[in-house]
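>>> give me a 3D structure for the following:
(2 chains)
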Amino acid sequence: GQQVMQIPQYQHVQEGEDFTTYCNSSTTLSNIQWYKQRPGGHPVFLIQLVKSGEVKKQKRLTFQFGEAKKNSSLHITATQTTDVGTYFCPGGTYKYIFGTGTRLKVLA
Amino acid sequence: EAQVTQNPRYLITVTGKKLTVTCSQNMNHEYMSWYRQDPGLGLRQIYYSMNVEVTDKGDVPEGYKVSRKEKRNFPLILESPSPNQTSLYFCASSFGGPYNEQFFGPGTRLTVL
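The predicted structure is shown next:
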């Protein structure tokens, strides 16, 4: 069935380093969303990508949607301790699966 | 303030004792959903509802029931809880469907002894 695979599952970075997480689908997606869940918190919507090749930025975060609308990435420049959390990328057409996400730890 | 509320936030219960976790949203959203989150398994969908009186199974519906009699409320019912239902539960809602931004409640941590 329709599913988006996310890698890596875990990532530890030193504060100030860059970080990227990738989401890949075997089928074309209508859109893809990104959420962040802080430790002890609930998932919070970050952004939605709809167009092929779309790139959106939110301060140090850059989101990309692939040309074929089958993959997406989230890149964080110069990570800070406030970036700690799990990032999810549910994407699809009729069913949106959150999966395990990527857990990011930032070492100060 | 636009929000999704869940009650209770924490619950410890025993096997077989029926319980209900309530979920309410004040944004007039059509779509509501229940998820459970377990270490290593991520967020998995239990049930969802596209509108009043319209509900459907998610990926892990066994042992759960839901109802959607009013647009704002979407309770999750565990008729006979078992220890494998110990988990963190989230309710979420959105306009139209899951293809739009989902707003999550604060979560309910359930322990079944």
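
>>> and the residue positioned nearest the centre of chain B, what is it in contact with?
By Cα atoms, centre = their mean, chain B has its centre lying nearest to B:W34, at 3.0 Å. Counting by Cβ atoms under 8 Å, 6 or more residues apart in numbering or on different chains, B:W34 touches B:23, B:45-48, B:58, B:64, B:66, B:74, B:76, B:89-92. From N, CA and C alone the C-beta is placed, and that goes for glycine too.

>>> helix, strand, or coil at the nearest residue in space to A:G91 that is not next to it in sequence?
Distances taken as Cβ to Cβ, 6 or more residues apart in numbering or on different chains place A:I32 nearest to A:G91, at 3.4 Å, with adjacent residues excluded. Taken by DSSP: H, G, I helix; E, B strand; the rest coil, the conformation at A:I32 corresponds to strand.

>>> OK, contacts around A:I32?
A:V4, A:C23, A:Q48, A:L49, A:F65, A:S72, A:C89, A:P90, A:G91 are the contacts of A:I32 under Cβ under 8 Å, 6+ apart.

>>> for the chain, give me the ranges with low pLDDT.
You didn't say which chain, so I picked chain A. A:1-2 (pLDDT under 70).

>>> quick one: name the residues of chain B near chain A.
Proximity of chain B to chain A, by Cβ under 8 Å from any Cβ of the partner chain, involves residues B:35, B:40-45, B:59, B:90, B:92, B:97-107.

>>> need the buried ones from the residues you listed selected in ChimeraX.
Buried residues within these, by 16 or more other Cβ atoms under 10 Å in any protein chain shown, are selected in ChimeraX with:
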select /B:35,42,43,44,45,90,92,97,98,99,100,101,102,103,104,105,107
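
>>> so of the residues of chain B next to chain A, which ones are in helices?
Using DSSP state H, no member of the residues of chain B next to chain A falls within helices.

>>> quick one: which of the residues of chain B next to chain A sit in strands?
Residues of the residues of chain B next to chain A located in strands (DSSP state E): B:Y35, B:G42, B:L43, B:R44, B:Q45, B:F90, B:A92, B:F103, B:F104.

>>> what is the nearest of these to A:F19?
B:G42 (18.9 Å; Cβ to Cβ).
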